[in-house]
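> need coordinates for the following:
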Amino acid sequence: MEREKFGSRLGFILVSAGCAIGLGNVWKFPYMCGEYGGAAFILIYLVFLVMLGIPVLVCEFAVGRGSRRSVAAGFEVLEPKKSHWHWLKAIGIVGCYMLMMFYTMVGGWMLFYCVRSIRGDFAGAGTEQVANAFNEMLLNPSLMIFWTLLVCIIGFAVCLYGLKNGIERVSKGMMSALLMIMLVLAAHSFFMDGAEEGIRFYLIPDFKKMVENGIGNVVFGALSQSFFTLSIGIGAMLIFGSYLNKDRSLTGEAVSITVLDTFVALMAGFIIIPACFSFGIEPGAGPSLVFITLPNIFAQMAGGRIWSGLFFLFLSFAALSTIIAVFENLISFNMDLFNWPRKKSVLVSGVLVCLLSMPCVLGFNLLSGIQPLGAGTTIMDLEDFIVSNNLLPLGSLGYVLFCTSRNGWGWDAFLKEVNAGEGMSFPKGLRWYMSYCVPAIIIFIYLKGYYDMFRNGSTARLAGWMAVALLLLGFIVICARKGKHADYRGNV
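Residues are numbered from 1 along each chain as shown. Purely as a prediction, here's the structure:
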């Protein structure tokens, strides 16, 4: 079966950026800025994005384009004979499915709130009413199921039409609309009364604030956000590398996607933070910022119904662009592993995702008694923990080691693939940094994430979870232990 290809370079950049531009950009980044002191956090974040995010993204793209396969089959094409690198595909397959088990539900929240905003549900509503509205949504299983299934149907319907006619065409439209809506919203926030203080907070570094929040906390927050913002580690970006021709170097493409991803994150801050300051609301309010704090702001704002509708439409496009991109991964798994046609793969993957999404949806109501990570946690918290704290960092570590290790694909083969075509070249002199420094940073993020998650429990509980983290890390070591650099299964 001939591999599909993008119709244009712009299509590749917008689809890949759509995958990277998710709710972490427009939900998590602004409140992290609010929590960690604004511009000082942004500066550190940008440094780490260049140091860590771009190199790992290049590795993932390289494996995709070099193999012309999804993560379900890419390592088999490039790995040395008798090696275990192909075991890493389990991280990608499980990671993509598990991400969609809760991300589809959150995408449904965005669509529902977009409809509610346009309908005027929050017009004149008080703070308590807005908070109660969110809780009532969570406690209504039929409502949650409807919006989750609607997101699944929309996403798989787009994928059914293929790469060019479905994913590329729709993603171009959504990303163009997303950028336009974002600019309109940012301009509106910029000219709100009292927004100057928020803009100053956002653009002028305040290192005193950084000290107050703890330098270590701010640095690690920036480091982890720079790592997670690009959706790297589970093969979600790899698939689009597999559809890319060799006309352009991968480093330049990775930089373009990262710039667009960062632009959206920064503009989301311009939308949210000045508005918070204008109404005297704390911008570091956490995830509730989107569903409780901001609807309260829109309810007090002239023309709030319009601005609220545009804002949640913007969030809906951000969520759907990621969902469609990851759905394409799920579809490609079956096509690569079983040689299924696209229609059959769409049908099977669609049914699986719809069914697998239900535990998360019901975890807020009918299954709320299940609290897997301790009192007050939900099934979504467990799924998010598995993906964010485990599969993303472990998968990223696997890609970097595979591309740089003599027992893997190897540095020379990696550089040859990355630098094929016109554009920015990946520096050959970064071999030591890529082989040792980047893996060390990823391992630090991984273990620190476990420590932060469980440090408030008993010492025995923390020790037990850290042992689990080390065992999972050992899986990567096992994958990398065999194989000879010069002995490949083949290439396509």
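
> distance of the nearest residue to E4 once chain neighbours are set aside from F312?
Among residues not flanking E4 along the chain, L163 sits closest, at 4.2 Å (CB to CB, 6 or more residues apart in numbering). C-beta: built from backbone N, CA, C; applies to glycine. Remark: distance between L163 and F312 (CB to CB, to the nearest Å) = 28 Å.

> what's the answer for I145, then?
Distance from I145 to F312, by CB to CB: 20 Å.

> what of S405?
Distance, S405 to F312, by CB to CB: 45 Å.

> cool, G34 as well?
20 Å.

> return the helix or strand in this structure with minimum mean pLDDT.
helix 288 (a mean of 68; mean pLDDT, DSSP states H and E).

> show the average pLDDT along stretch 330-339.
For stretch 330-339, mean pLDDT rounds to 95.

> please apply the same query to stretch 6-13.
90.

> list the buried residues for that stretch?
6, 11-13 (16 or more other CB atoms under 10 Å).

> what does that stretch contact?
15, 163-164, 168, 171-172, 240, 243-245, 247-248, 253, 256-257, 260 (CB atoms under 8 Å, 6 or more residues apart in numbering).

> just among these, which is most surrounded?
Highest neighbour count within the contacts of stretch 6-13: F240, with 29 neighbours (other CB atoms under 10 Å).

> L373 versus that one, what's the distance?
F240 sits 33 Å away from L373 when distances are taken as CB to CB.

> how close does the most centrally placed residue in the chain get to G216?
What sits nearest the mean C-alpha location of the chain, by CA atoms, centre = their mean, is S231, with 3.6 Å. Per CB to CB, S231 is found 26 Å from G216.

> now M466
19 Å.

> which one of the two has more residues nearby?
M466 (15 against 9).

> what sits against S321?
Contact analysis of S321 by CB under 8 Å, 6+ apart lists 18-19, 21-22, 171, 174-175, 178.

> let me know the next secondary structure element after the helix or strand that contains it.
Element membership for S321 (DSSP states H and E) is helix 304-338. Later in the chain than helix 304-338, the nearest helix or strand by DSSP H and E is helix 342-362.

> and which of the buried residues of stretch 6-13 is nearest V158?
Nearest to V158, judged by CB to CB, of these is G11 at 13.7 Å.

> pull the distance from stretch 296-309 to the chain's centre.
28 Å (CA atoms, centre = their mean, to the nearest Å).

> and the contacts of it?
Here stretch 296-309 has contacts from 114, 117-118, 120, 122-127, 130, 185, 188, 275-276, 278-279, 281, 294-295, 311, using CB under 8 Å, 6+ apart.

> for PyMOL, write the select line for the buried members of the residues you listed.
Listed next is the PyMOL selection for buried residues among the contacts of stretch 296-309, using 16+ other CB under 10 Å:
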select buried, resi 114+117+122+125+130+185+188+275+276+278+279+281+294+295+311
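
> now intersect the contacts of stretch 296-309 with the helices, please.
114, 117-118, 127, 130, 185, 188, 275-276, 278, 294-295, 311 (DSSP state H).

> L160: how many residues sit nearby?
18.

> correct me if wrong: it contacts I154.
No - if you go by CB atoms under 8 Å, L160 and I154 don't touch, sitting 10.9 Å apart.

> which residues sit in contact with Y451?
462, 466.

> on the three-state scheme, it is what?
Three-state call for Y451 (DSSP: H, G, I helix; E, B strand; the rest coil): helix.

> now it: how far from E128?
Y451 is 37 Å from E128, by CB to CB.

> do L462 as well
For L462 relative to E128 (CB to CB), the value is 38 Å.

> who has more neighbours out of the two?
Neighbours per residue (other CB under 10 Å) separate L462 from E128, with L462 holding more: 16 against 9.

> once you drop chain neighbours, what's closest to that one?
F454 (4.9 Å).

> next one: W409
Leaving out its chain neighbours, the residue that sits closest to W409 by CB to CB, 6+ apart is L78, at 4.9 Å.

> my guess is the one you found contacts V63, does it?
Yes - here L78 lies in contact with V63, judged by CB under 8 Å, at a distance of 6.6 Å.

> which residues do the two both contact?
With CB under 8 Å, 6+ apart, L78 and V63 have common neighbours 402, 409.

> who has more neighbours, the two?
For L78 and V63, the more surrounded residue by other CB under 10 Å is V63, and the numbers stand at 29 against 26.

> where exactly do the helices run in the stretch 51-200 of the chain?
54-67, 74-78, 89-119, 127-138, 141-160, 169-190, 195-203 (DSSP state H, counting those that start in this stretch).

> helices and strands around the longest one, which ones?
The reference is to helix 89-119. Counting contacts by 3 or more CB pairs under 8 Å, 6 or more residues apart in numbering; DSSP states H and E, helix 89-119 packs against helix 23, helix 127-138, helix 141-160, helix 294-300, helix 304-338, helix 342-362, helix 379-384, helix 392-404.
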